[in-house]
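Asks: next comes the sequence, and after it the predicted model I'd like to discuss.
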Amino acid sequence: MSDKPLDPQDWSRFRADAHELLDHCLDLLQGAEDRPWQHPPEDLEDRYAIGQSQQQNSDLMTRLRDEVLPYHAGNTHPKYWGWVQGSGLATDVTASMVSAVMNSNCGGRNHGANYMERAVIDWTRRKMGLPETAFGVLVTGTSQATVQAFAAARVKVVGKDVRQQGHGTQRLTAYAAAGVHNATKKALELIGVGSDNLRLVPLKKGQMDIDALYTMIAEDRAAGALPFLVVGTAGSVNLGFFDNFNALADVAQSEGLWLHVDGAFGAWTRIADEPYRSLTDGLERADSIALDFHKWMYVGFDCGLCLVRDGADLRATFAARPDYLDGKDRGVASGEPWFCDYGIDLSRGNRALKIWMALESFGEDAFSAAITQNCHLAKQMAQEVQAQPKMALGQETISNVCVFTADKTLSEAAQSELNVRIAVELQESGQAVFSTTKVNGVEMLRAAIVNHRTREADISDALAAVSALSSA
């Protein structure tokens, strides 16, 4: 047996196979429009079972090409708009290679990946308009970022002893617009506040009703609760609504609440052209922002960010250094700050590299243009829907989310049935991926365009396919 049993036994063969696989992967990315989602075969789980015969394992590169790469999630395709999933970049491939070779644990210590992460966070801080005190940590996505931000809000409002003692019988209350993403409910459950203490504020013209918010806060205080958090939404998941962040910041300031913004995709309108940039005016007044790079910044999964106005609040919530993690002035254990002091994870991969490579390769202006173009394409879809005699919008298209019904002349139940059938048939045929959502009792087709590969012709072709299926 080799004295290095987990290294390739034939490096020359491995190198040749890897070069061939890299070329194949790049070919697939370059031709992404030819690779829509497809149903995995029924026996795929059996094929993936660990410990198959040596004969089956003899050519893993072939198996990767034939049994792994074809069954992707579909979101690299230019007509994938069903869910808010970024399209991925060619630079992700090379970033993944470099990241694998470095194999960095970004929980702390003194090495290059942590410097890069700080640079990415600082760039994002400036784009969001937060002050120099702001800091954050790259995480799996907005769901994890939300948990960490809410935990910081609880420590800030209740006091640092809550880490050791909990908040006991004290009822904490949080506030968000009706239709807020489920990540907010989950986060409140995970930090012990409980989703029953999330007060859903009614909407007024697509935004949280500020008068109703004030009323709810006063009612809860009168009942003995401690209001601690208000959650604004930058791009609601169903309809793409944006709250009025300046108004929410005024409420938070006057009532002593922490203002968090769920900016999973919508926060990135901060770098778009007008009129979309103005949708996030006031974002710079938030105490925390949760956002994803793997959505509207297009990089590969997973990559989110918890960004807090005062990094000291995040550190006060998570810093815990046992003896074996004690920092030093010199050597590997130097290099403050350590990211394990700002979040849940001690073992962390190098998420910053793919962001850094993308920005350095294409430049900020290219991302601004792509985000703006996605919004223009959603407007185009809305205009083409309105031009169809039977189609109808479910809601005005604000940014990049377009929701519509294929045949408004039908009953609500019949419309829902038709729209669901169309969505599934388009998915299974590989023509386009819409999801569905409910608006005023009707399950409608929904397109969330966060795909840098989408072009005007893709919109027209997909709507033509919808029209054809609605008449079938």
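Replies: Received, thanks. Everything numeric here is computed off the predicted structure, so don't read it as measured data.
Asks: may I ask which helix or strand encompasses Ser104?
Replies: For Ser104, there is no host helix or strand (DSSP states H and E).
Asks: that one against Asn350, yeah?
Replies: Yes - taking contacts as CB atoms under 8 Å, Ser104 lies within contact range of Asn350: 4.5 Å. Yep, even glycine has a C-beta here, placed from its N, CA and C like the rest.
Asks: OK, contacts around Cys106?
Replies: Ala113, Asn114, Glu117, Leu138, Phe339, Arg348, Gly349, Asn350, Arg351, Ala352 (CB atoms under 8 Å, 6 or more residues apart in numbering).
Asks: tell me the SS of it?
Replies: Classification of Cys106 using DSSP: H, G, I helix; E, B strand; the rest coil returns coil.
Asks: picking up where we left off before, please enumerate the shared neighbours of Ser104 and Asn350.
Replies: Taking CB under 8 Å, 6+ apart as the criterion, Ser104 and Asn350 both touch Ala113.
Asks: return the helix or strand in this protein with minimum mean pLDDT.
Replies: helix 54-57 (a mean of 53; mean pLDDT, DSSP states H and E).
Asks: next SSE downstream of that one?
Replies: Per DSSP H and E, the first helix or strand lying C-terminal to helix 54-57 is helix 60-63.
Asks: what about that next one, average pLDDT?
Replies: On average, the pLDDT along helix 60-63 is 87.
Asks: also stretch 263-275?
Replies: 97.
Asks: go through it and flag the buried ones.
Replies: Neighbour-count burial for stretch 263-275 flags Gly263, Ala264, Phe265, Gly266, Ala267, Trp268, Thr269, Arg270, Ile271, Ala272 (criterion: 16 or more other CB atoms under 10 Å).
Asks: returning to that earlier point: okay, Ser104 and Asn350: which has more neighbours?
Replies: Taking other CB atoms under 10 Å, Ser104 and Asn350 do not tie; Asn350 has more neighbours (24 against 20).
Asks: relative to Cys303, how far out is that one?
Replies: Distance of Asn350 to Cys303, given as CB to CB, to the nearest Å: 10 Å.
Asks: same check on Trp268?
Replies: 13 Å.
Asks: swap in Trp81?
Replies: 20 Å.
Asks: and the two? which has more neighbours close in?
Replies: Trp81 (31 against 25).
Asks: quick one: contacts for that one?
Replies: For Trp81, the contact set (CB under 8 Å, 6+ apart) comprises Ala432, Val433, Phe434, Ser435, Arg446, Ala447, Ala448, Ile449, Val450, Asn451, Thr454.
Asks: which residue is the nearest non-sequential neighbour of it?
Replies: Nearest residue to Trp81, sequence neighbours excluded (CB to CB, 6 or more residues apart in numbering): Ala447, at 3.8 Å.
Asks: give me the number of residues near the one you found?
Replies: Here the number of neighbours of Ala447 (other CB under 10 Å) works out to 28.
Asks: what does Gly300 give?
Replies: 20.
Asks: same deal with the one 5 residues further on?
Replies: Other residues near Leu305 come to 29 when the count uses other CB under 10 Å.
Asks: name whatever forms a beta bridge with it.
Replies: Leu138, Leu291 (DSSP bridges).
Asks: what's the spacing between it and Gly282?
Replies: Using CB to CB, Leu305 is found at 19 Å from Gly282.
Asks: got it, and Ala312?
Replies: Distance of Ala312 to Gly282, given as CB to CB: 23 Å.
Asks: what do you get for Asn400?
Replies: With CB to CB as the criterion, Asn400 and Gly282 are 20 Å apart.
Asks: okay, those two: which has more neighbours?
Replies: Per other CB under 10 Å, whichever of Asn400 and Gly282 has more neighbours is Asn400, with 31 against 20.
Asks: can you give me the pLDDT of that one?
Replies: 97.
Asks: doesn't Ile371 lie inside a helix?
Replies: Yes - counting by three-state DSSP, Ile371 is part of a helix.
Asks: please name the nearest non-neighbouring residue to it.
Replies: Ala272 (4.5 Å).
Asks: try Asp302
Replies: Thr140 (4.6 Å).
Asks: ok, Leu21 next?
Replies: Met61 (5.5 Å).
Asks: contacts only, for the one you found.
Replies: By CB under 8 Å, 6+ apart, the contact set of Met61 is Asp17, Glu20, Leu21.
Asks: all strands of this protein, in order?
Replies: All strands of the chain, identified by DSSP state E, fall at 135-139, 172-177, 198-201, 203-204, 207-208, 226-233, 258-262, 288-292, 304-308, 392-393, 401-405, 435-439, 442-448.
Asks: return the most buried member of those.
Replies: strand 288-292 (a mean of 31; mean count of other CB atoms under 10 Å).
Asks: what about that strand, distance to the chain center?
Replies: Distance, stretch centre to chain centre, for strand 288-292: 9 Å (CA atoms, centre = their mean, to the nearest Å).
Asks: ok, now stretch 214-228?
Replies: So, by CA atoms, centre = their mean, the centroid of stretch 214-228 is 31 Å from its chain's centroid.
Asks: restrict that stretch to CA atoms and write it as PDB.
Replies: Provided in PDB are the C-alpha atoms of stretch 214-228 (Å, rounded to 0.1, in the frame of the first residue of the first chain):
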ATOM      1  CA  TYR A 214     -46.900  52.000  16.000                       C
ATOM      2  CA  THR A 215     -50.200  50.700  17.300                       C
ATOM      3  CA  MET A 216     -49.000  47.100  17.600                       C
ATOM      4  CA  ILE A 217     -45.900  48.200  19.500                       C
ATOM      5  CA  ALA A 218     -48.000  50.300  22.000                       C
ATOM      6  CA  GLU A 219     -50.400  47.400  22.500                       C
ATOM      7  CA  ASP A 220     -47.600  44.900  23.200                       C
ATOM      8  CA  ARG A 221     -45.900  47.300  25.700                       C
ATOM      9  CA  ALA A 222     -49.200  47.800  27.500                       C
ATOM     10  CA  ALA A 223     -49.500  44.000  27.700                       C
ATOM     11  CA  GLY A 224     -46.100  43.700  29.400                       C
ATOM     12  CA  ALA A 225     -44.000  42.600  26.400                       C
ATOM     13  CA  LEU A 226     -40.600  44.000  25.300                       C
ATOM     14  CA  PRO A 227     -40.600  45.000  21.600                       C
ATOM     15  CA  PHE A 228     -37.000  44.500  20.400                       C
END
